[in-house]
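Trainee: Following is a predicted model, sequence given first.
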Amino acid sequence: GPFIFGYSLGFTSPVLTAMRVLKDDAPFGDTSLTELSHGEVSIDSDEASLFSSIVNIGAMIGSILGGLLCDKFGRKVTISASAFPFVLAWGWTAIAQSYQELIAARFVIGLMVGIISMSVPLYIGEVAPTHLRGSLGAANQFALTIGILVSYVVGILAEEHQVTLITCLPDANDDDSMVWLHGKSYDLTCKDIVSDWKCEAKGDDFYCQGSLPMWRLLAWVAAGVSALLLVLMPFMPE
């Protein structure tokens with residue numbers, strides 16, 4: 001439970017750049033580039049920001065809902081029942097074809113995160129022997145942070161060379177550098193945006209290309225972990 005909680009929170013950190021700029025799989029349509037004062041370039045998207053943050057709104061509502069469900073159905077049943085929507089929401093994220101679908105799925109994930117954050121500590125407090133209660137309570141927090149870490153590690157392992165939707169000038173130098181994104185030009189090179197990106201040919205055009213994670217794969221990993229929780233929870237003590 002807390003592991004998938006942490007993974008859900010950490011998911012957006014490794015994948016948001018890919019979701020903003022992938023040529024054939026970028027669900028956000030308002031991506032832009034901003035040159036910062038210290039020479040770095042920010043890849044911005046209000047839609048991506050909402051996708052990342054709406055999980056917190058869902059969690060706020062879910063924590064209230066989790067308390068009501070725990071009182072009515074018990075802690076174990078509540079945790080077990082939350083696993084199924086987790087599987088569905090992460091699977092939906094992995095196959096979503098529109099921004100609206102992603103927002104809806106991410107909101108449901110937030111609801112489940114809120115329910116888990118409420119019900120798991122209560123469950124541990126009820127079933128754990130007195131001499132282990134403190135250690136198991138700490139393990140809950142530890143599993144959450146491990147989930148965040150694993151999301152970062154999976155993001156690194158899932159990287160591959162991919163084409164972005166940012167078009168560019170081949171063999172550009174600092175004097176004639178130029179890239180285009182959604183019809184707007186910027187006096188930049190691909191390397192200015194991300195240090196290991198290069199301007200390379202794809203078909204008849206040139207695009208900024210480099211290593212980016214396969215963001216849908218990370219969603220499938222989360223769906224698999226959620227399914228494991230669904231399978232194992234019935235065997236946990238009452």
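Mentor: Cool, got the structure.
Trainee: what about stretch 210-230, distance to the chain center?
Mentor: Distance of stretch 210-230 from its chain centroid, counting by Cα atoms, centre = their mean, to the nearest Å, is 9 Å.
Trainee: buried set for that stretch?
Mentor: By neighbour count on 16 or more other Cβ atoms under 10 Å, the buried set for stretch 210-230 is 210, 212-216, 218-223, 225-227, 229-230. All C-beta atoms are positioned from the backbone trio N, CA, C, and that covers glycine.
Trainee: what about the protein, any weak spots by pLDDT?
Mentor: Applying pLDDT under 70 to the chain flags residues 171-176, 235-238.
Trainee: what's the helix or strand for Gly114?
Mentor: Per DSSP states H and E, Gly114 falls inside helix 99-127.
Trainee: Which neighbouring elements make contact with that helix?
Mentor: helix 2-10, helix 46-73, helix 75-95, helix 133-157 (3 or more Cβ pairs under 8 Å, 6 or more residues apart in numbering; DSSP states H and E).
Trainee: just how off-centre is it within its chain?
Mentor: Distance of helix 99-127 from its chain centroid, counting by Cα atoms, centre = their mean, is 14 Å.
Trainee: List the residues that contact Glu101.
Mentor: Contacts for Glu101 (Cβ atoms under 8 Å, 6 or more residues apart in numbering) come out as Trp92.
Trainee: Repeat that for Leu136.
Mentor: By Cβ under 8 Å, 6+ apart, the residues touching Leu136 are Ile124, Ala128.
Trainee: quick one: contacts for the closest residue in space to Ile115 that isn't next to it in sequence?
Mentor: Closest residue to Ile115 apart from its sequence neighbours, by Cβ to Cβ, 6 or more residues apart in numbering: Gly66 at 3.7 Å. Applying Cβ under 8 Å, 6+ apart to Gly66 gives the contacts Thr78, Ser82, Gly114, Ile115, Ile116, Ser117, Met118, Ser119.
Trainee: Same check on Ile57?
Mentor: Phe107, Gly110 are the contacts of Ile57 under Cβ under 8 Å, 6+ apart.
Trainee: Out of the helices and strands packed on helix 99-127, the one nearest Leu181 is which?
Mentor: Proximity to Leu181 (Cβ to Cβ) singles out helix 46-73 among the helices and strands packed on helix 99-127, at 13.9 Å.
Trainee: Pull out the buried positions in the closest one.
Mentor: If you call a residue buried by 16+ other Cβ under 10 Å, then helix 46-73 has these buried ones: 47-48, 51-52, 54-55, 58-59, 62-63, 65-67, 69-70.
Trainee: wait, which of the residues you listed is closest to Cys190?
Mentor: When the buried residues of helix 46-73 are ranked by distance to Cys190 (Cβ to Cβ), Ala48 comes first, at 19.9 Å.
Trainee: Would you list the phi and psi of Val163?
Mentor: Backbone torsions of Val163, given as degrees, to the nearest 10, read phi -100, psi 130.
Trainee: before we move on, what about Tyr186?
Mentor: Residue torsions, per degrees, to the nearest 10, at Tyr186 are phi -140, psi 140.
Trainee: Which strand residues bridge it?
Mentor: With DSSP bridges as the criterion, Tyr186 is bridged to Val179.
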